[in-house]
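Peer 1: need a 3D model of the following:
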Amino acid sequence: MIDRNLIKKKIRIIENLFQIPNKDGLTVPFILNAVQRRYAESMSGRDIIVKARQEGFSSLIEAQFLVDCISMENIRAVVIAHDKESTQKLFNRVRFYINNMKGAKPVLEYDSRAEISFPKTNSTFYIGTAGSKQFGRGDTIHRLHCSEVAFWETGRDILAGLMQAVPRTGQIVLESTGNGVGNFFHRRSKAALDGTGGHTLHFFPWYAHDEYDIEVPPETYFDPEDREFQQTYSLTDGQLYWYLQKMREMMDGPSDDEGYKLFLQEYPTTFDEAFKFSGGKFFSSVDRTDLSILDKRSKHERMWKLPTSGHDYSIGIDMGGGVGLDYTVIEVIDLTSGEQVLEWRSNLTQPEFIGPRVAEYGKLYNTAMLVPESNNHGALLIDYLKKNYPIHKIFRQEKIRSKGIKKSLEYGWFTSDKAKFHLCDHGRTVLGRGFKFYSRILEEELQSFEEKESMGESRAKKLSAPRGEHDDTVIAFMLALYGVSRLFTPTVIDPYAGPKEPAELSFDGALALAQSTARGKRYRPGFPLNGGFSVSGVV
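Peer 2: Numbers count the residues shown, from 1 in each chain. Purely as a prediction, here's the structure:
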């Protein structure tokens, strides 16, 4: 629990003893601005700050931590930023406070590029760069400031150790501008907004900062839309003018949609705008539907709908190794109603136990079409399914192992970089036509799933989760969706040329083909149904 009287005392010390360079380069007394004061008066000790650019939070937090190191015994303060340059700038600010402090300066025992120690209080101020050092492993941290967390490549993994090192009496501050949706900072911020996760959310829009208000030139015209925006947020003419000028500054013309989204993220008016810019995100729009879980037979399973007689189902399976790293994910979707019905996810279940579970789900959901990934551990799953599940209900492809030499049909989906684009392009199309899903985990992974250039001279494009995040749920869901239009048409995959598109085929055509070619077995899937979800023609 934060002592409010102690916070007020710290503010008095900062404003009476500390100095800071202003934006004109002049050294001036450190007088808190409006947003700094609002944060200081409402901080809880477990705080997340979602902010616009250059509102001064890092300056205040470093000053508060320095006061604690000077005035309290045995304090270990740590500040970590996303890159070395940013981290060093933060620490140089601490040195500036010390060197320009009014009155007697504190005695320093050790002063290096990464550490300052105070012998009179036995306290230490450290800095670090995200990912460069395992701060917190075996150490106690009393004051932790994580700056620009949204830009940390492995935020979740780094913070797991750091936050465990801070006792309940310590302070944790995570602050950042936004960096798209689905990443660690976005999820933590949303949890705090919802009142879960144990942190207090502090959102400060651009107009909360008193410096973003400038003189308006005579005869400036604001159109009716600008005036409506001004009225909605109770802005002064100076604030509105500053906002419109900054917007023009960051956009390459009125049609620059990416520049506009980046502007909204850098200077957000609302919480959602802070996470507007998606950058290289593959799924630019992700709309999850809320639905209560119907049944949860284990901690790994979420069931939203029981099987419906006459409906057809597809199951996508992405296999992990069961060693606590990548997840094994099973996604079950209803092709008739166009919705997700079940999800199973675990990173500790051994591969040999997955086959019986997949077969169980397949039989439960009207002998569903199974679309397992064939890479790595997927081979073990496919061997089991071929012996224990109707063979014509396992997805298969025609492979080409070397140029011009075809091999017979092989079971499962082989995921290469090129094939992943084909798979996900198809899934994105189906989602865009209104396919419903209910999983929060899937929502988070879809939001963070990105297209980026690989390292090396080729700079080839690839799809994956950000470093330190997972995309297993996305891939399993994409595999299940692929069962929609590839249910009975084998696809030729040539590793040298990429996937070859089969002829466009509607559901009616696919099912007619299925009835005559499914290994001589009469199979009536139940399509078409009136009022269902239609993806006819999706390839």
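
Peer 1: going forward, measure contacts and count neighbours with C-alpha atoms only.
Peer 2: Fine.

Peer 1: all strands for the stretch 1-150 of the chain, in order.
Peer 2: Applying DSSP state E, counting those that start in this stretch to the stretch 1-150 of the chain gives strands spanning 19-21, 27-29, 46-51, 76-81, 110-111, 115-118, 123-129, 143-147.

Peer 1: would TSV of the ones you listed with distance to Ala480 and mean pLDDT be doable?
Peer 2: As requested, the strands of the stretch 1-150 of the chain are exported to TSV (distance: least, Cα to Cα, whole Å; pLDDT from 0 to 100):
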stretch	distance to Ala480	mean pLDDT
strand 19-21	57	94
strand 27-29	61	95
strand 46-51	36	93
strand 76-81	40	91
strand 110-111	58	82
strand 115-118	52	93
strand 123-129	40	89
strand 143-147	39	93
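
Peer 1: adding distance to Leu193 and mean neighbour count, write these out as TSV.
Peer 2: As requested, the strands of the stretch 1-150 of the chain are exported to TSV (distance: least, Cα to Cα, whole Å; neighbours: other Cα atoms under 10 Å):
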stretch	distance to Leu193	mean neighbour count
strand 19-21	32	18
strand 27-29	34	14
strand 46-51	10	23
strand 76-81	23	24
strand 110-111	39	12
strand 115-118	35	20
strand 123-129	27	22
strand 143-147	19	25
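
Peer 1: distance to Gln397 for the ones you listed - can I get that in TSV?
Peer 2: TSV is the format used below for the strands of the stretch 1-150 of the chain (distance: least, Cα to Cα, whole Å):
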stretch	distance to Gln397
strand 19-21	65
strand 27-29	69
strand 46-51	47
strand 76-81	47
strand 110-111	64
strand 115-118	59
strand 123-129	46
strand 143-147	48
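
Peer 1: which one of those strands lies closest to Met303?
Peer 2: For these, proximity to Met303 was assessed by Cα to Cα; strand 46-51 is nearest, at 32.7 Å.

Peer 1: please compute how far stretch 115-131 lies from its chain's middle.
Peer 2: Its chain's C-alpha centre and that of stretch 115-131 lie 31 Å apart, by Cα atoms, centre = their mean, to the nearest Å.

Peer 1: again, but for stretch 378-393
Peer 2: 34 Å.

Peer 1: same check on stretch 78-90?
Peer 2: Relative to its chain's centre, stretch 78-90 lies at 22 Å (Cα atoms, centre = their mean).

Peer 1: now stretch 149-167: average pLDDT?
Peer 2: Averaged across stretch 149-167, pLDDT comes to 80.

Peer 1: let me redo that: stretch 238-251
Peer 2: Stretch 238-251 carries an average pLDDT of 94.

Peer 1: pull out the buried positions in the helix or strand harbouring Thr429.
Peer 2: Using DSSP states H and E, Thr429 sits within helix 417-432. Using 16 or more other Cα atoms under 10 Å as the test for burial, helix 417-432 gives Lys418, Ala419, Lys420, Phe421, His422, Leu423, Cys424, His426, Gly427, Arg428, Val430, Leu431.

Peer 1: okay, His311: pLDDT?
Peer 2: pLDDT, His311: 92.

Peer 1: that one contacts Gly338, correct?
Peer 2: No. Between His311 and Gly338 there is no contact under Cα atoms under 8 Å: 10.2 Å.

Peer 1: counting neighbours, go ahead and name the busier of the two.
Peer 2: Neighbours were counted for His311 and for Gly338 using other Cα atoms under 10 Å; Gly338 has more, 23 against 19.

Peer 1: pretty sure that one contacts Arg433?
Peer 2: No. Counting by Cα under 8 Å, Gly338 stays clear of Arg433, with 9.7 Å between them.

Peer 1: got the CA coordinates for the helix holding Thr429 in PDB?
Peer 2: Only the C-alpha atoms of helix 417-432 are listed here, as PDB (Å, rounded to 0.1, in the frame of the first residue of the first chain):
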ATOM      1  CA  ASP A 417       7.200 -20.700 -45.100                       C
ATOM      2  CA  LYS A 418       5.400 -20.600 -48.500                       C
ATOM      3  CA  ALA A 419       2.700 -23.000 -47.500                       C
ATOM      4  CA  LYS A 420       2.000 -21.000 -44.400                       C
ATOM      5  CA  PHE A 421       1.200 -17.900 -46.500                       C
ATOM      6  CA  HIS A 422      -1.200 -20.000 -48.500                       C
ATOM      7  CA  LEU A 423      -2.800 -21.400 -45.400                       C
ATOM      8  CA  CYS A 424      -3.200 -18.100 -43.600                       C
ATOM      9  CA  ASP A 425      -4.300 -16.200 -46.700                       C
ATOM     10  CA  HIS A 426      -7.200 -18.600 -47.000                       C
ATOM     11  CA  GLY A 427      -8.000 -18.400 -43.200                       C
ATOM     12  CA  ARG A 428      -8.000 -14.600 -43.300                       C
ATOM     13  CA  THR A 429     -10.500 -14.700 -46.200                       C
ATOM     14  CA  VAL A 430     -12.800 -17.000 -44.300                       C
ATOM     15  CA  LEU A 431     -12.600 -14.900 -41.200                       C
ATOM     16  CA  GLY A 432     -13.300 -11.800 -43.200                       C
END
